[in-house]
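In: give me a model of this one.
(2 chains)
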2 protein chains.
Amino acid sequence: MPDKAIRISRAGSGQPAQRPVMLAIAGDSAAGKTTLTRGLVQALGADQATAICVDDYHRFDREERKGLPFTPLHPDCNYMSIMEQHLQLLATGQPILKPVYDHATGQLTRPQLVEPCRYVIVEGLLPLHSKLARACFDVTVFLDPPEEIRREWKVRRDTAKRGYSPEQVQAEIERREAESIAHIVPQRAHADIVVRFAPIATRQDPPDTPLSAELLLRPTIHHPDLSGVLGDDDQHALHLKLVRDEMGRPVDALHVHGYVSRTESEAAQQTIWDGLGVDAPLPTTLGLLDDGRSGPLAITQLLLLCNLLAVG
Amino acid sequence: MPDKAIRISRAGSGQPAQRPVMLAIAGDSAAGKTTLTRGLVQALGADQATAICVDDYHRFDREERKGLPFTPLHPDCNYMSIMEQHLQLLATGQPILKPVYDHATGQLTRPQLVEPCRYVIVEGLLPLHSKLARACFDVTVFLDPPEEIRREWKVRRDTAKRGYSPEQVQAEIERREAESIAHIVPQRAHADIVVRFAPIATRQDPPDTPLSAELLLRPTIHHPDLSGVLGDDDQHALHLKLVRDEMGRPVDALHVHGYVSRTESEAAQQTIWDGLGVDAPLPTTLGLLDDGRSGPLAITQLLLLCNLLAVG
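Out: Presented below is the predicted three-dimensional model:
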């Protein structure tokens, strides 16, 4: 159920702006895109945020794909130019008639009218694939869990919700691996924020400890001022380090620790929330997982809310 | 089967132009839109002409419409703003992912990619409904058969091809009448060419005589020079009269007589065809009906080909 939503007027404007704020959340299958998106939509309110998944732009249904030499991760398996066109339309405030791929049946079905709200969140495998698509976004995120964790998540989801056996999921992961490296991973270099949820290898935390998050904050957008909430060592909820990314480019690495106490995590969440200046309590839907709650996820979502509200 | 197609390079251009030539064919259900369109596509060649039907932009499927206070003729029953958006995209040479309404099942199904060829023919109930939509076309046609003839055609088609009983079709025609008058008929005033196929009331022609055609040629576009083919009275295949339309505006009324001999009709067709300067024989698919052939239909199609080729 949606929590009390953020309702902020943009400064100096009584009417919603014509151009929505566009957020991309890219990443491989089962990287956590839907979980991250859900909390954002609930915090913003369904009347303020439109979420779409660009995996609906599949060119072929499941039956047709059987005879094809590529997987749904390949751009040729998707109507990429129509995806770009629809992103441009949304970014300029116009409605689209979006195709719909039914994951349960593997069929392409009746399209849906999507009218952009103030915030449009676009998640999927390839939203950052092309320059034209990337140009449509104000903020771009790439979800980058360690491969073994992503596989675990994918097996869990696809067996529970999409009717596959664990062996089928494993085989599909193998079959997709080369295309993941060729087409999904390169989007990481174009994201303003790269998010990695993972346990910390050097620690012996109990198994129910929430995963920690590392957020690479690239200097391609303006990031929120975190000085009020950063700890000066890794015993606190948040810690910032200046590092180089995998391509040697300077970047801030924000570490959000899953092993701190719930009290400490919630204090950090409250501080970030207060900084937004929103006249409402901290939304209780932040950090919600299918089977629990994660402080690092809540903090990641709060930081993305800061980024979105900073745009408009 | 497609006949030998027209293949004309636009003067001074080795490449197809980026912007296609756009033709609208509007009219009520069973007014003859598909028959007229089919001959044009076959004459131009399927690689040169894209035909779409904008009745695919239905907002509701047949089941959903049962509870609604309007019929598919009502603009509110259609995604009109998406139709306008798609017409603008096609007119500027861009592809669309077009919705698909399945007349056999009454369901909205998987959308189709449409990439505009050199000529785009858009037929349907409401392609000329709005100013934005009309602005997308180079040539606009409204099919305007006498109501009793259209009813006969609709009963024949919907019982043969869409699985309805004659009583069901008659009831549906009654149910739609007010919306036809409110939303379909007003498009006639915006058409460059209004086409009416009808028998000539003052004559006692045998029942297998092809219907004659009256074409109102409005001075809103440049029409072909017919001086080489016009007769000076109504004993010949074509006859031109200066008249006023139903709103009192001056217009040329071209009468194409169905009662002239086949030889005379074909001579007129050949003369118009020769005027196009196309290095191919007269296409044999012009004038084809479901159950025969019509000289006046062939001549109407030839004149529309003249209009299209005059644009580019």
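In: what residues does chain A have near chain B?
Out: Taking C-beta under 8 Å from any C-beta of the partner chain as the criterion, the neighbours of chain B within chain A are A:59, A:61, A:79, A:81-82, A:85, A:89, A:94-97, A:99, A:107-111, A:113. To be clear about C-beta, it is placed using only N, CA and C from the backbone, and glycine gets the same treatment.
In: go with 7 Å
Out: With C-beta under 7 Å from any C-beta of the partner chain as the criterion, chain A comes near chain B at residues A:79, A:81-82, A:85, A:94-95, A:97, A:99, A:108-111, A:113.
In: now intersect those residues with the strands, please.
Out: Among the residues of chain A next to chain B, the members falling in strands are A:97, A:99, A:108-111, A:113 (criterion: DSSP state E).
In: just the buried residues from those residues, in ChimeraX please.
Out: Here is the ChimeraX command that selects the buried residues among these (16 or more other C-beta atoms under 10 Å in any protein chain shown):
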select /A:97,99,108,109,110,111
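In: beta-bridge partners for the residue nearest to residue A:193 when sequence neighbours are not counted, please?
Out: If the residues on either side of it in the chain are set aside, residue A:193 comes closest to residue A:141, at 4.9 Å by C-beta to C-beta, 6 or more residues apart in numbering or on different chains. Assessed by DSSP bridges, residue A:141 has beta-bridge partners residue A:25, residue A:193.
In: residue A:141 and residue A:241: what is the separation?
Out: Using C-beta to C-beta, to the nearest Å, we find residue A:141 at a distance of 19 Å from residue A:241.
In: could you do residue A:94 as well?
Out: Applying C-beta to C-beta, one obtains 42 Å for the distance of residue A:94 from residue A:241.
In: so which of these two has more stuff around it?
Out: Each of residue A:94 and residue A:241 had its neighbours counted (other C-beta atoms under 10 Å in any protein chain shown), and the higher figure belongs to residue A:94 (16 against 11).
In: can you check which helix is longest in chain A?
Out: In chain A, with assignment by DSSP state H, the single longest helix is helix A:295-311.
In: then that helix to CSV, C-alphas only?
Out: Taking C-alpha atoms only, helix A:295-311 is exported to CSV below (Å, rounded to 0.1, in the frame of the first residue of the first chain):
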residue,chain,number,x,y,z
GLY,A,295,18.4,0.1,5.9
PRO,A,296,20.9,0.4,3.0
LEU,A,297,18.1,0.1,0.5
ALA,A,298,16.0,2.8,2.3
ILE,A,299,19.1,5.1,2.3
THR,A,300,19.7,4.4,-1.4
GLN,A,301,16.1,5.3,-2.2
LEU,A,302,16.3,8.4,0.0
LEU,A,303,19.4,9.6,-1.9
LEU,A,304,17.6,9.0,-5.2
LEU,A,305,14.7,11.0,-3.9
CYS,A,306,17.1,13.8,-3.1
ASN,A,307,18.5,13.6,-6.7
LEU,A,308,14.9,13.7,-8.2
LEU,A,309,13.7,16.6,-6.0
ALA,A,310,16.9,18.5,-6.8
VAL,A,311,15.9,18.4,-10.5
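In: contacting residues around that helix?
Out: A:8, A:21, A:23, A:36, A:39-40, A:43, A:119, A:138-139, A:141, A:195, A:197, A:210-213, A:215, A:221-222, A:224, A:238, A:256, A:258, A:262, A:265, A:268-269, A:272-273, A:276, A:286-287, A:289 (C-beta atoms under 7 Å, 6 or more residues apart in numbering or on different chains).
In: cutoff 6 Å now
Out: Counting by C-beta atoms under 6 Å, 6 or more residues apart in numbering or on different chains, helix A:295-311 makes contact with A:21, A:39-40, A:119, A:138-139, A:195, A:210, A:212-213, A:224, A:256, A:258, A:265, A:269, A:272, A:286-287, all of which sit outside it.
In: just the residues you listed: which are in helices?
Out: When DSSP H is applied, the contacts of helix A:295-311 are split such that A:39-40, A:265, A:269, A:272 fall in helices.
In: from what I can see residue A:102 touches residue A:108, true?
Out: No - in terms of C-beta atoms under 6 Å, residue A:102 does not count as a neighbour of residue A:108; the distance is 7.6 Å.
In: returning to that earlier point: ok, the residue nearest to residue A:193 - contacts?
Out: The contact partners of residue A:141, by C-beta under 6 Å, 6+ apart, come to A:25, A:191, A:193.
In: out of these, which is most surrounded?
Out: residue A:25 (29 neighbours).
In: so what strands line up beside the least confident helix or strand in chain A by mean pLDDT?
Out: Counting by mean pLDDT, DSSP states H and E, the weakest-scoring helix or strand in chain A turns out to be strand A:292-293, with a mean of 92. Paired with strand A:292-293 in the same sheet, following DSSP bridges, are strand A:288-289 (antiparallel).
In: now the strand it pairs with: average pLDDT?
Out: The average of the pLDDT scores along strand A:288-289 is 94.
In: need the strands for chain A, in chain order.
Out: Taking DSSP E as the test, the strands found in chain A are A:21-27, A:49-53, A:96-102, A:107-114, A:119-124, A:139-143, A:193-198, A:212-217, A:238-244, A:250-256, A:288-289, A:292-293.
In: hang on, the earlier thing: let me have the ones in strands among the residues of chain A next to chain B in a markdown table, extended by pLDDT.
Out: Shown next, in a markdown table, are these (pLDDT from 0 to 100):
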| residue | pLDDT |
| --- | --- |
| A:97 | 98 |
| A:99 | 98 |
| A:108 | 97 |
| A:109 | 97 |
| A:110 | 97 |
| A:111 | 98 |
| A:113 | 98 |
